[in-house]
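Peer 1: Sequence and computational prediction follow.
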Amino acid sequence: MARPEKEAIVSEIREKLKSAKSVVLTDYRGINFEQMTELRQKLRAQGVEYKVFKNTLAKIAARELGLTDLEPYLTGPTAMALSYEDPVASAKILIDFAKTLKTLELKGGLVEGMVVGADKIKDLANIPPRDVLLGMIAGGLKSPLYGLATSLSGIIRGLAVALSQVAEKKSA
């Protein structure tokens, strides 16, 4: 490859790493064409891009971004799953796919600008989806408010009962 072509690829990798919310690096050895196509389709359905770049060019791009901790993961056959919207989507899909296809190996990655190992990627995949987390937060916020409303209505109800008893005694 000529030097301008390499510089363009390094620039492309740098922009992708900078704009991605998460990047999961995988070793794709042992995956045949049909399996790779299936994996790419699953990832693409969730807005995740799955690309293979030369490690040397990816290392240069990572170095330019100050991500030198990412370099040890850029050895051997490496593919990048780049998620631009949901940082958890790529991890979930790759973990599920790795359960059925034992040859797919997670190396590590980048989550919100932080370099993490394969174990952290697996932890990330276990986080519930965003909608479920928002529901849990809403439920947690609703519970104290519901308790407060119940307590206040109990006090008002008790006051009303006391006033009605006072009114009955005065009328008698």
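Peer 2: The structure has been received and is ready for your questions.

Peer 1: Could you report the neighbour count for T56?
Peer 2: Using other C-beta atoms under 10 Å, T56 has 10 other residues around it. The C-beta positions use only the backbone N, C-alpha and C, and glycine is treated the same way.

Peer 1: Give me the distance between it and A79.
Peer 2: Remark: distance between T56 and A79 (C-beta to C-beta, to the nearest Å) = 15 Å.

Peer 1: And for A160?
Peer 2: 69 Å.

Peer 1: now do L133
Peer 2: Taken as C-beta to C-beta, the span from L133 to A79 is 28 Å.

Peer 1: Tell me which of these two has more neighbours.
Peer 2: A79 (20 against 12).

Peer 1: quick one: contacts for the more buried one?
Peer 2: L25, T26, D27, Y28, Y50, K51, V52 (C-beta atoms under 8 Å, 6 or more residues apart in numbering).

Peer 1: who wins for neighbours among those?
Peer 2: T26 (27 neighbours).

Peer 1: Pretty sure that one sits in a helix.
Peer 2: No - assessed by DSSP: H, G, I helix; E, B strand; the rest coil, T26 does not belong to a helix; its assignment is strand.

Peer 1: Now do it, the pLDDT please.
Peer 2: The model reports T26 with a pLDDT of 91.

Peer 1: returning to what we had before: quick one: which of the contacts of A79 is nearest to A138?
Peer 2: Nearest to A138, judged by C-beta to C-beta, of the contacts of A79 is Y50 at 33.8 Å.

Peer 1: Determine the set of other helices and strands touching the strand or helix carrying I60.
Peer 2: With elements taken from DSSP states H and E, the one containing I60 is helix 55-64. The contact analysis (3 or more C-beta pairs under 8 Å, 6 or more residues apart in numbering; DSSP states H and E) places helix 55-64 against helix 3-19.

Peer 1: tilt between the helix it packs on and helix 55-64?
Peer 2: Here the directions of helix 3-19 and helix 55-64 differ by 50 degrees (axes from the mean of the first three to the mean of the last three C-alpha atoms, to 10 degrees).

Peer 1: Against which helices or strands is helix 3-19 packed?
Peer 2: Under the contact criterion of 3+ C-beta pairs under 8 Å, 6+ apart, the helices and strands touching helix 3-19 comprise helix 55-64, strand 79-83.
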